Structure formats: C-alpha cells, structure tokens
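The following block contains a protein sequence and its predicted model.
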Amino acid sequence: ETVNAMDLLVPGVGELVGGSQREERLDVLETKMAEQDLDPADYWWYLDLRRFGSVPHAGYGLGFERLVTYVCGIENIREAIAFP
C-alpha cells in the first residue's frame, strides 16, 4: 500500500519538511475507525467535515529549528532552539 505523503530530507539535519494528503472519503474513514475499534461518537466533528462536504486537501509542516540548524550550519539542533 502507498500513501500520499512526502518528507524533505537534508544532509546533516534529517527531515526538514513533512506533509501528507488527508483522507476525504467518509466511508473509508468509518471503515478504518471500525478496524481500529475507535468510537465514531468521539470523532463526530471530524466525520461531519467529510459528511457535509470536503475536497481533497493536504498540508505540511516545517521544522523551524531544523531549518535554522541547516541554514546556519549549526552542528547540534539544541543550539538552534530559542527556549531551551
């Protein structure tokens, strides 16, 4: 199986950016929830987003400290964290 996901890896830092596409098909979500023994009542708001209209969408996250580490050539990410 495959997923619609990506990671941007950079030398010396590792994963800088990670992203994925969300599952927009209600029937698939409900089937997976049943397989994982999750109570749909706990996720009513998330299921309603799909039930009343959704489009395929995706997102990504950038590790800011990892970006600073890479751009500045810092060897240890702990030196790039603003609030240790």
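Yes, it's here. Residues are numbered from 1 along each chain as shown.

Give me the residues contacting the longest strand along the chain.
Scanning the chain for the longest strand, with DSSP state E as the assignment, gives strand 14-21. Residues from elsewhere that reach strand 14-21 (CB atoms under 8 Å, 6 or more residues apart in numbering): 3-10, 56-63, 66-67, 70. To be clear about C-beta, it is placed using only N, CA and C from the backbone, and glycine gets the same treatment.

for stretch 34-53, same thing?
Contacts of stretch 34-53 (CB under 8 Å, 6+ apart): Glu24, Arg25, Leu26, Leu29, Glu30, Met33.

Out of those residues, who's the most crowded?
Leu29 (20 neighbours; other CB atoms under 10 Å).

who are the neighbours in contact with that one?
Glu23, Tyr46, Leu47, Arg50.

For the contacts of stretch 34-53, give me a markdown table that also has distance to Glu75, secondary structure and pLDDT.
What follows is the contacts of stretch 34-53, written out as a markdown table (distance: CB to CB, whole Å; DSSP: H, G, I helix; E, B strand; the rest coil; pLDDT from 0 to 100):
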| residue | distance to Glu75 | secondary structure | pLDDT |
| --- | --- | --- | --- |
| Glu24 | 42 | coil | 89 |
| Arg25 | 45 | coil | 91 |
| Leu26 | 47 | helix | 93 |
| Leu29 | 43 | helix | 93 |
| Glu30 | 48 | helix | 95 |
| Met33 | 44 | helix | 95 |
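
Dump those residues to CSV, plus distance to Phe83.
Shown next, in CSV, are these (distance: CB to CB, whole Å):
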residue, distance to Phe83
Glu24, 37
Arg25, 40
Leu26, 41
Leu29, 37
Glu30, 41
Met33, 37
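
what two of these are the furthest from one another?
Spanning the widest gap among the contacts of stretch 34-53 are Glu24 and Met33, at 14.7 Å by CB to CB.
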